[in-house]
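1. need a 3D model of the sequence below.
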Amino acid sequence: MSGGILGRLRDLRALDAPTHGGHVLAYVYDSGMPELDELADAAASLARPVNGLDPTVFPSVAAMERDLLGFVRRAVHGGRDVTGSVTSGGTESCLLAVKTARDLWRTEHPDAAAQGTRPRLLAPSTAHAAFQKAARLFDLEFDPVPCAPDGTVAAADLIARMGDDVALVVVSAPAYPSGALDPVGAVAAAAKVRGIRCHVDACFGGLVLPWWRDAAPWDFRLPGVTSLSADLHKFGYAPKGVSVLLHRGRRQHRAQFFATTRWPGYPVVNATLLGSRSASPLAAAWAIVQRLGDDGFAELTASIERVAAGIRDEVARIPGLVVMGDPVGPAITLVADVAAPIDVRVDPHRLADELADHGWRIQHQPGFVQSDGTRLPRSAHLTLTPVLERRLKDFRRALTHAADAVRGRRPADGRWMAGAVRTLGYAADRVPGPAASWRLLRLAGAGRVTQGQPMSTLMALIEELPAPVAEALLAELLARMSEPR
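-> Residues are numbered from 1 along each chain as shown. Predicted structure coming up:
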């Protein structure tokens, strides 16, 4: 019986993109060390029955958290005044950082809070979407600061928007869409002078940048940094989902907690948004960190640096394609070279589709018009992992061949479909419901999203539609995928 069940699961998993081997350059983080997977599986299995809700009943939870927090704190140059919590992932870490800052802002600005002033969450437009989610959930005004076309943000532009109503300013190390390391030093220093909390979102790079050569200071070495997030299920190579959120000062950390005795059940004390939570990812992360230590992380980071250098060298040889900006860390973003003649340019979305046909998956990113009208170009994101070093020659060859195959092809155009949507009356203030969204998706040829299906058309449509309409369509697309048939 169980053999049949597991066989069915294996059949389902066979439909997934490969999670090992380096062929998927987004979402998955393969160290290239099978022993780490085996260690993580064994540790997760040992902790499977444990409920992370109550470390007084399961003290192993507190012990593992203590070790993980200590390791990450040392890596990001935190002193004894830095403490924190292990969370279920980067999104929860970001949510908690915002929730904490909002609560403390209300305490410190009672008159403004009493008058109903909504505090602002200030961030570059390239900050992770989790901060938009946090602003909606916790009733802050999200204030995105436009970036240059290469994805960099000017410190002066962020500083100019600081005011008494800012509960938190966020900077990224690095920003996921561009790979750019935000100007953390200047922004954190200005925030400290103004008494504003500054969060460094290092969910993506927090376990790479400590060992990356020549990265500018971005962590608790900077006095103005008041909180920092780093994901262990990314470049900590642990299973999903486990992250760390660190705060400077116990008072700030304790503001993150929820505690109540105001019900007839057991006293509830939650350090995170979740109550009951699995200890398996925690145990897996703990075991991997124990195994790797500083030296292991340094070796894996050196491998990623070699991968980054190899890919940048290859892109420099490809006419019509360039690396966006000057990324720092484990991400590279590819864009068309607008200085090249049109018939030489390589559209990054066409490139991504072509690579998928050859077994390599990079991530489509739509073009994005910011509040000041500056456009970030459509691009393709590459997450770089150590395992890719073993297949770097193959990937470089595939990248060149795919670029040759699509060079000069016009980018997908979503204007006709967007025009049809507008003709039907849908706009920023009127979005389609589930049935209408599904009809529009099917009309656009995006009724199904499967591995290897070209994504260029869907991305082009997203670029052209008003954001609320595009979001409604994408929500419907994802919802339909898991609806019972």
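
2. make it CA atoms for all contacts and neighbour counts henceforth
-> OK.

3. which helix in this structure has the most residues?
-> helix 280-316 (DSSP state H).

4. quick one: name whatever helix or strand follows that one.
-> Following helix 280-316 in sequence order, the next helix or strand is strand 321-323 (DSSP states H and E).

5. what lines up beside that following strand in the sheet?
-> With DSSP bridges as the test, strand 321-323 is paired with strand 331-336 (antiparallel).

6. after the strand it pairs with, next one along is what?
-> From strand 331-336, the next helix or strand downstream (DSSP H and E) is helix 348-357.

7. what packs against that next one?
-> Judged by 3 or more CA pairs under 8 Å, 6 or more residues apart in numbering; DSSP states H and E, helix 348-357 is in contact with strand 331-336, strand 363-365, strand 379-383, helix 392-406, helix 456-464.

8. and of the ones you listed, who's closest to His233?
-> Set against His233 and scored by CA to CA, those come closest in strand 379-383, at 13.6 Å.

9. partner strands of that closest one, with direction?
-> Partners of strand 379-383, by DSSP bridges, with direction: strand 331-336 (antiparallel), strand 363-365 (antiparallel).

10. residues in contact with it?
-> Under the contact criterion CA atoms under 8 Å, 6 or more residues apart in numbering, strand 379-383 has outside partners 25-27, 177-178, 330-336, 348-349, 352, 362-367.

11. residues of the helix or strand where Ser60 lies that come out buried?
-> If you go by DSSP H and E, Ser60 is part of helix 59-75. For helix 59-75, the neighbour count (16 or more other CA atoms under 10 Å) marks 60-62, 64-66, 68-73, 75 as buried.

12. which strands and helices sit next to the following helix or strand past it?
-> Using DSSP H and E, the helix or strand that directly follows helix 59-75 along the chain is strand 82-87. If contacts are counted by 3+ CA pairs under 8 Å, 6+ apart, strand 82-87 sits against helix 59-75, strand 243-248, helix 250-254.

13. quickly run through the sheet partners of strand 82-87, with directions.
-> strand 243-248 (antiparallel).

14. on that earlier part again, from the chain's centroid, how far away is the longest helix of the chain?
-> 17 Å (CA atoms, centre = their mean, to the nearest Å).

15. and that helix, what does it pack against?
-> If contacts are counted by 3+ CA pairs under 8 Å, 6+ apart, helix 280-316 sits against helix 34-47, helix 59-75, strand 321-323, helix 392-406.

16. from Ala336, how far out is Ser379?
-> 8 Å (CA to CA, to the nearest Å).

17. buried residues in stretch 113-125?
-> By 16+ other CA under 10 Å, the buried positions in stretch 113-125 come out as 118-125.

18. quick check, Asp214 in a strand?
-> No: looking at Asp214 with DSSP: H, G, I helix; E, B strand; the rest coil, it is coil, so not inside a strand.

19. and it, how many neighbours?
-> Around Asp214 there are 8 other residues, counting by other CA atoms under 10 Å.

20. tell me how far it lies from Val328.
-> 9 Å.

21. domain ranges for the protein?
-> For the chain, the structural domains run 40-288, 293-406, 415-481, going by automatic domain parsing.

22. now do the end-to-end distance for the second one.
-> What that stands for is domain 293-406. 44 Å.

23. pLDDT on that domain, on average?
-> When pLDDT is averaged over domain 293-406, the result is 97.

24. what's the answer for the last one, then?
-> Averaging pLDDT along domain 415-481 gives 84.

25. how far does that domain sit from its chain's centre?
-> 23 Å.

26. now do the end-to-end distance for it.
-> Using CA to CA, the two ends of domain 415-481 sit 26 Å apart.

27. now do the first one
-> Across its full length, domain 40-288 reaches 7 Å between end residues, using CA to CA.

28. just how off-centre is that domain within its chain?
-> 13 Å.

29. hmm, back to that, next, the angle from the longest helix of the chain to helix 59-75.
-> If you take axes from the mean of the first three to the mean of the last three CA atoms, to 10 degrees, helix 280-316 sits at 30 degrees to helix 59-75.

30. use 17 as the first number for this chain going forward.
-> Renumbered: residue one is now 17, and that last one reads helix 296-332.

31. re earlier: can you list the helices and strands packed on strand 98-103 in CSV and add mean pLDDT?
-> What follows is those, written out as CSV (pLDDT from 0 to 100):
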stretch, mean pLDDT
helix 75-91, 97
strand 259-264, 98
helix 266-270, 96
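
32. distance to His125 for the ones you listed - can I get that in a markdown table?
-> Shown next, in a markdown table, are the helices and strands packed on strand 98-103 (distance: least, CA to CA, whole Å):
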| stretch | distance to His125 |
| --- | --- |
| helix 75-91 | 30 |
| strand 259-264 | 20 |
| helix 266-270 | 16 |
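
33. among these, which is nearest Gly309?
-> Across these, closest to Gly309 is helix 75-91 (CA to CA), at 8.3 Å.

34. need the contact partners of the closest one.
-> Around helix 75-91, the neighbours that count as contacts under CA under 8 Å, 6+ apart are 68, 71, 95, 98-102, 223, 226, 260, 262, 295, 298-299, 301-302, 305.

35. make a PyMOL selection of the buried ones in the residues you listed.
-> Here is the PyMOL command that selects the buried residues among these (16+ other CA under 10 Å):
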select buried, resi 68+98+99+100+101+102+223+226+260+262+295+298+299+301+302+305
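
36. make JSON lines out of the domains of the chain and add distance to His36.
-> JSON lines is the format used below for those (distance: least, CA to CA, whole Å):
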{"stretch": "domain 56-304", "distance to His36": "12"}
{"stretch": "domain 309-422", "distance to His36": "8"}
{"stretch": "domain 431-497", "distance to His36": "16"}
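
37. could I get the average pLDDT for stretch 26-33?
-> For stretch 26-33, mean pLDDT is 91.

38. buried residues, that stretch. List them.
-> Ala33.

39. ditto for stretch 252-269
-> 252-265, 268-269.

40. surely His263 meets Leu244?
-> Yes: using CA atoms under 8 Å as the test, His263 is close enough to Leu244 to be in contact (6.6 Å).

41. one step back: now do the shared contacts for Ser395 and Ala352.
-> Residues within reach of Ser395 and of Ala352 at once, by CA under 8 Å, 6+ apart, are Pro364.

42. so Gly341 is in which element?
-> Using DSSP H and E, Gly341 falls within no helix or strand.

43. can you name the residues that contact it?
-> 166-168, 194, 196.

44. among those residues, which lie within strands?
-> Counting by DSSP state E, the contacts of Gly341 place none of their members in strands.

45. who wins on neighbours among those residues?
-> Of these, with other CA under 10 Å as the count, Ser194 tops at 28 neighbours.

46. what score does that residue have for pLDDT?
-> pLDDT, Ser194: 96.

47. tell me the spacing between it and His144.
-> 11 Å.
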